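Peer 1: Fold the following.
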Amino acid sequence: MASRTRRPEAAAKAPDGSRRRRLPMRLLLPLLVLVALMAMLMLRGYVHSEILADHRIQAEAATDKVPEKILDGGPVIDTRSGRATSLRMPDRRIVLTFDDGPDPTWTPKVLDVLKKHHAHAVFFVTGTMTSRYPDLVQRMVDEGHEVGLHTFNHPDLSFQSKKRIDWELSQNQLALAGAAGIRTSLFRPPYSSFADAMDDRSWPVTEYIGSRGYVTVVNNTDSEDWQKPGVRQILRNATPKSGKGAIVLMHDSGGDRHQTVQALDRFLPDMQHKGYEFDNLTEALDAPSALTPVAGPELWKGRAWVFLVQASEHITDVLVAGLAVIGSLVIGRFLLMLLLSGVHARRVRRKDFRWGEPVTEPVSVLVPAYNEAKCIENTVRSLMASEQPIEIIVIDDGSSDGTARLVEAMGLPNVRVVRQLNAGKPAALNRGLANARHDIIVMMDGDTVFEPSTVRELVQPFGDPRVGAVAGNAKVGNRDSLIGAWQHIEYVMGFNLDRRMYDIMRCMPTIPGAVGAFRRSALERVGGMSDDTLAEDTDITMAMHRDGWRVVYAEKARAWTEAPESVQQLWSQRYRWSYGTMQAIWKHRRALVERGPSGRFGRVGLPLVSLFMVVAPLLAPLIDVFLLYGVVFGPTEKTIVAWLGVLAIQVVCAAYAFRLDRERMTHLISLPLQQILYRQLMYVVLLQSWITALTGGRLRWQKLRRTGVVEAPGGPVPRPRAGSESDERRPVG
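Peer 2: The predicted model follows:
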């Protein structure tokens, strides 16, 4: 059902005076959200060395191009003036250096030990870790330690171009500026060791680094703590020979460093007792500090960088938490569906199962119709084959295509046409209710056809006086196309399996507009159909629950409906459904605090509907976002296995649902493709509905174009002879 007006698309005038379409805000906002999310994930991948990382390590090379004085010199190499010089540490002066940090676990412990023993050190930090843990770098500076560059994400620079080297240095400096408001002139190449290990591949890099204003610092005493050889061995490796000075290599990141911390706590007092001093590099060399403060644009760019990195970390944490939530919801929902739908099927399929006394009384069938000329004849003819005594009331809601005339021209008994000006589906149904003669009301859409047994099966639950409404089994009639097959899977698995579960839990959220039945007295008690929301079927169902009526599912009451055949029509339909569901949940929110049946539905039904129909679908894209991220940036195999595991659960549920509905399994061939493509469309539709709701927008009804391809399963009903019309078929005003 639709109104006859449609919201005009946003447009602007081009320079030539023509109208130029603009992207509507409801589409622009989801697109911006997606772009921002992907940008944050890319940034996180960059600072976690998952993107643009290069883990190659160069093999040893010849040394004939390296000056002898460098190979035989000290661990401090200065090529800034264009001439290569090297320096050694004075006797009994030790410069402790820590690579690869800062680490949130081990760096604070190292700093605590250094502070305890009044020692200074040099921390060669990476840009990735500095960006993620800026507070630790600030603490290093505040406690008097020096900081040096160790590149941004730790590549072997002998593989890199000068442009990449400049990038590694500038990004490392940017992170330092944002973390502590400083820049440094100290640099240590990744994978470096002693000066005599310099070769023809690493030496040109060292020269270039010097030309950029940096002093290269290697080491001449390696504690080899990264090998975790034990505290005693670390102490032996770190101790200089014969009172010599040394630059000692240790690590405060890159793994478990508890041996390093324990060895450091013993090493410092032991060596201080022997007369050694533990200084910064520039203190040991009696040189100006390597650290200089930054200000102005450089400082603000650094702070902006650190802020964005921190935001990406927090957003990712939220996304991971959301993924855990959605994973639990999805798996929980699947388990509930499998368990409770099986319980429902066993209960209603027992040979001795009865709702009560068989319902044989006549039934009123309401068919609201707006411009349904292509479908209405099939709809009415299918009803005429009904096994239940019925009257048919077609409510023409201001159609402009002759829908009412077509029905009148069919000349069928027990068929009446009610005309009204276009007022919407709820108004049409209420008009039909006012003209109905019987106590049980069946409602269907004008594009739907019933099987001969549908009405009979649909009304049998009214044998139980507690039942106020019954949901039928809506099926996709035009399932031959790919988009139709995807909707067929969704109807069987997502809707009908859900209805079995909700029936057992006594919180059915929606009587489908295509096939539903109501007790007339129940409808009148809740005030009839309301136009407060765009999902009048969900609205009336929730009202039934709150009034104390049972709402059940009749699996044998099958109806065949024409599903949208284009992406645009599907978008319009699902946008209205999802937005209308949100409206209905909000309308009935007071049930959360009420007593009696309303309170039970409010505290059981509303949370379940909100979780499974609003929150879970909204968070579900996280599965696909992390799938794409994991496939591209790793770990690829684990990511694919995890996604296949989720898909396997869905296949099991879908197969079980198809078995319960006695559907052919061949349609499930397209399920993987549905999960990749079709589901993304549903995500965007739901996100758009959220944005419309949050921004206070109002969505109008939109008429879907019909083709009339769904035929009546019972076959065509013969047209009566002319002149045989009875007064019962005379149109009502």
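Peer 1: Give the helix, strand or coil label for V367.
Peer 2: strand (DSSP: H, G, I helix; E, B strand; the rest coil).
Peer 1: measure it to E391 for me?
Peer 2: 11 Å (CB to CB, to the nearest Å). (C-beta placed from N, C-alpha, C; glycine too.)
Peer 1: Buried ones in stretch 502-512, by neighbour count?
Peer 2: By 16 or more other CB atoms under 10 Å, the buried positions in stretch 502-512 come out as 502-504, 507-512.
Peer 1: Need the three-state assignment for the nearest residue to R212 once chain neighbours are set aside.
Peer 2: In this structure, R212 finds its nearest non-sequential neighbour in L169, 6.4 Å apart by CB to CB, 6 or more residues apart in numbering. The three-state assignment at L169 reads helix, by three-state DSSP.
Peer 1: what's the burial count for A304?
Peer 2: 12 (other CB atoms under 10 Å).
Peer 1: that older thread, tell me which residues touch the residue nearest to R212, please.
Peer 2: 149, 151, 187, 209, 212, 214 (CB atoms under 8 Å, 6 or more residues apart in numbering).
Peer 1: Give me the ChimeraX select line for the residues you listed, limited to the buried ones.
Peer 2: ChimeraX command restricting these to the buried ones, with burial defined by 16+ other CB under 10 Å:
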select :149,151,187,209,214
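Peer 1: closest to R590 among the contacts of L169?
Peer 2: Comparing these against R590 with CB to CB places T151 closest, at 60.1 Å.
Peer 1: Can you read off the pLDDT for K703?
Peer 2: The model reports K703 with a pLDDT of 53.
Peer 1: ok so, going back, including secondary structure, could the contacts of L169 go into CSV?
Peer 2: Formatted as CSV, the contacts of L169 follow (three-state DSSP):
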residue, secondary structure
L149, strand
T151, coil
F187, strand
I209, helix
R212, coil
Y214, coil
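Peer 1: which of the contacts of L169 lies closest to V625?
Peer 2: Using CB to CB, T151 is the member of the contacts of L169 that lies nearest V625, at 29.4 Å.
Peer 1: Quick one: residues contacting that closest one.
Peer 2: With contact set as CB under 8 Å, 6+ apart, T151 has these partners: 126-127, 157, 168-169, 172, 189-190.
Peer 1: I'd like the distance between it and R183.
Peer 2: Noted for T151: a distance of 15 Å to R183, by CB to CB.
Peer 1: same deal with V348?
Peer 2: Per CB to CB, V348 is found 75 Å from R183.
Peer 1: again with E143
Peer 2: 19 Å.
Peer 1: And G424, by the same measure?
Peer 2: From G424 over to R183 the distance is 67 Å, taken as CB to CB.
Peer 1: and Q58, what does it touch?
Peer 2: 156, 158-159, 191, 201-202.
Peer 1: which among the residues you listed end up buried?
Peer 2: When the contacts of Q58 are checked for burial by 16+ other CB under 10 Å, the buried set is 156, 158, 201-202.
Peer 1: so where is the stretch 601-733 of the chain shaky, pLDDT-wise?
Peer 2: Across the stretch 601-733 of the chain, the ranges flagged by pLDDT under 70 are 618-622, 633-634, 688, 690-733.
Peer 1: how about 80 then?
Peer 2: For the stretch 601-733 of the chain, the stretches flagged by pLDDT under 80 are 612-639, 642-643, 646, 674-733.
Peer 1: Where do the helices of it begin and end?
Peer 2: In the stretch 601-733 of the chain, the segments counted as helices under DSSP state H, counting those that start in this stretch are 606-610, 616-619, 621-633, 636-660, 671-673, 679-694.
Peer 1: Figure out which of those is closest to V122.
Peer 2: With respect to V122, and counting by CB to CB, the nearest of those is helix 621-633 at 32.5 Å.
Peer 1: Report the angle between the closest one and helix 636-660.
Peer 2: 140 degrees (axes from the mean of the first three to the mean of the last three CA atoms, to 10 degrees).
Peer 1: Alpha carbons only: can I get helix 621-633 in CSV?
Peer 2: Extracted C-alpha coordinates of helix 621-633, given in CSV (Å, rounded to 0.1, in the frame of the first residue of the first chain):
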residue,chain,number,x,y,z
PRO,A,621,28.6,-5.6,9.1
LEU,A,622,31.5,-5.8,11.5
ILE,A,623,31.8,-9.5,10.5
ASP,A,624,32.3,-8.5,6.9
VAL,A,625,34.5,-5.5,7.7
PHE,A,626,36.9,-7.7,9.7
LEU,A,627,36.7,-10.4,7.1
LEU,A,628,37.8,-8.0,4.4
TYR,A,629,40.5,-6.5,6.7
GLY,A,630,41.7,-10.0,7.7
VAL,A,631,41.9,-11.3,4.1
VAL,A,632,43.8,-8.3,2.9
PHE,A,633,46.1,-7.7,5.8
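Peer 1: Mind giving me the packing neighbours of it?
Peer 2: For helix 621-633, the packing partners by 3 or more CB pairs under 8 Å, 6 or more residues apart in numbering; DSSP states H and E come out as helix 25-47, helix 297-348, helix 636-660, helix 679-694.
Peer 1: would a markdown table of the ones you listed with distance to D464 be doable?
Peer 2: Formatted as a markdown table, the helices and strands packed on helix 621-633 follow (distance: least, CB to CB, whole Å):
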| stretch | distance to D464 |
| --- | --- |
| helix 25-47 | 44 |
| helix 297-348 | 12 |
| helix 636-660 | 22 |
| helix 679-694 | 35 |
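Peer 1: Give me whichever of these is most buried.
Peer 2: Among the helices and strands packed on helix 621-633, the stretch with the highest mean neighbour count (mean count of other CB atoms under 10 Å) is helix 679-694, at a mean of 19.
Peer 1: re the thing from before, and R520, which of the helices and strands packed on helix 621-633 is closest to it?
Peer 2: R520 lies closest, by CB to CB, to one member of the helices and strands packed on helix 621-633: helix 297-348, at 24.2 Å.
Peer 1: other SSEs contacting the closest one?
Peer 2: With contacts taken as 3+ CB pairs under 8 Å, 6+ apart, helix 297-348 sits against helix 25-47, helix 127-132, helix 162-180, helix 497-505, strand 550-561, helix 616-619, helix 621-633, helix 636-660.
Peer 1: which residues in the stretch 151-300 of the chain form strands?
Peer 2: 182-184, 186-187, 215-217, 221-222, 246-251, 277-278, 291-293 (DSSP state E, counting those that start in this stretch).
Peer 1: Dump the ones you listed into JSON lines; add mean pLDDT and distance to Q310 as well.
Peer 2: As requested, these are arranged in JSON lines below (pLDDT from 0 to 100; distance: least, CB to CB, whole Å):
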{"stretch": "strand 182-184", "mean pLDDT": "97", "distance to Q310": "18"}
{"stretch": "strand 186-187", "mean pLDDT": "98", "distance to Q310": "25"}
{"stretch": "strand 215-217", "mean pLDDT": "97", "distance to Q310": "29"}
{"stretch": "strand 221-222", "mean pLDDT": "96", "distance to Q310": "34"}
{"stretch": "strand 246-251", "mean pLDDT": "97", "distance to Q310": "24"}
{"stretch": "strand 277-278", "mean pLDDT": "96", "distance to Q310": "32"}
{"stretch": "strand 291-293", "mean pLDDT": "97", "distance to Q310": "22"}
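Peer 1: of the contacts of Q58, closest to W486?
Peer 2: Distances from W486 to these, taken as CB to CB, are shortest for F159 (47.5 Å).
Peer 1: residues in contact with the closest one?
Peer 2: Neighbour list for F159: 54, 56, 58 [criterion: CB under 8 Å, 6+ apart].
Peer 1: how close does it sit to S202?
Peer 2: 11 Å.
Peer 1: Run through the stretch 51-200 of the chain and note the low-pLDDT ranges.
Peer 2: Those would be 51-55, if you go by pLDDT under 80 across the stretch 51-200 of the chain.
Peer 1: circling back to that earlier point, can I get the buried ones among the contacts of Q58 in a markdown table with distance to L338?
Peer 2: Formatted as a markdown table, those follow (distance: CB to CB, whole Å):
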| residue | distance to L338 |
| --- | --- |
| D156 | 52 |
| S158 | 57 |
| R201 | 61 |
| S202 | 61 |
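Peer 1: which stretches of the stretch 451-600 of the chain form strands?
Peer 2: Per DSSP E, counting those that start in this stretch, the stretch 451-600 of the chain carries strands over the ranges 467-476, 516-519, 550-561.
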